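1. only geometry, no sequence info:
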């Protein structure tokens, strides 16, 4: 996770769950079908899972309920505190991010929701290259995140947010590192993954990539 956004998450921790469960009108469409998105990520995961951007532990809890082994990675101390309390020591959430995290062995799946856009495209490629080295054939990356079919679609999303008066959302879209599906596909295929994308709402797609 891009550490330049860390302060945002320190401030957001106490009301993060209110936002993702639809209580913030400005971000309601971003988090539409939130539980369903988490459940779909869980459904596609297997074995020992490393989760990036644990946040308050909502996805983590569902992964554990499925009986998966989970190593949680979260750079925000405020988020980690809430997650560890919520998960009641079912798993320890460790300090780290997409590019820098404690050594973890025998990984079957890397997962994340609503976080990969904190990396630039160059950083995304660095991360994916590293994950490819950690996964055996058949290992997976399952990320749900805001991404776009094209640059034109991305620009339309910003214009639409502005037209609705959603100034915070428009600023987020312009400030953070949202990317396009063609860019992600090229990166993943370059590093030995077969990938497909499934749309979840007007903002979020699930990226499911399998190491060949």
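-> Looks like it came in fine. What you are looking at is a predicted structure, and each value in this text was computed from that prediction instead of being measured.
2. all helices for this structure, in order.
-> Using DSSP state H, the helices of the chain run over 6-12, 16-18, 34-43, 58-65, 77-87, 121-134, 151-163, 167-175, 181-190.
3. can you tell me which of those is packed in deepest?
-> helix 58-65 (a mean of 20; mean count of other CB atoms under 10 Å). Bear in mind the C-beta positions are built from the backbone N, C-alpha and C, glycine included.
4. could you check the angle helix 77-87 makes with that one?
-> Interaxial angle, helix 58-65 versus helix 77-87 (axes from the mean of the first three to the mean of the last three CA atoms, to 10 degrees): 30 degrees.
5. quick one: low-confidence residue ranges for the protein.
-> In the predicted model of the chain, residues 1-15, 22 satisfy pLDDT under 70.
6. and if we set it to 90?
-> 1-24, 56, 76-82, 84-93 (pLDDT under 90).
7. which residue sits farthest out from the middle of it?
-> Distance to the chain centre peaks in the chain at residue 163, reaching 26.9 Å (criterion: CA atoms, centre = their mean).
8. ok, that one to residue 180 distance?
-> 22 Å (CB to CB, to the nearest Å).
9. ok, now residue 19?
-> Counting by CB to CB, the gap from residue 19 to residue 180 is 25 Å.
10. now residue 18: closest residue in space, sequence neighbours ignored.
-> residue 24 (6.8 Å; CB to CB, 6 or more residues apart in numbering).
11. burial of the one you found, as a residue count?
-> By the criterion of other CB atoms under 10 Å, residue 24 has 15 neighbours.
12. isn't residue 129 up against residue 188?
-> No: at 10.1 Å, residue 129 and residue 188 do not qualify as touching, with contact defined as CB atoms under 8 Å.
13. residue 47: how many residues sit nearby?
-> Residues near residue 47, counting by other CB under 10 Å: 13.
14. for it, which non-adjacent residue is spatially closest?
-> residue 108 (2.8 Å).
15. ok, so what distance separates that neighbour from residue 174?
-> Counting by CB to CB, the gap from residue 108 to residue 174 is 36 Å.
16. same question, residue 133
-> 33 Å.
17. same thing with residue 57?
-> 29 Å.
18. show me the contacts for residue 69.
-> 47-49 (CB atoms under 8 Å, 6 or more residues apart in numbering).
19. beta partners for it?
-> Residue 69 has the following beta-bridge partners by DSSP bridges: residue 48.
20. any idea how far it lies from residue 90?
-> Applying CB to CB to residue 69 and residue 90 gives a distance of 11 Å.
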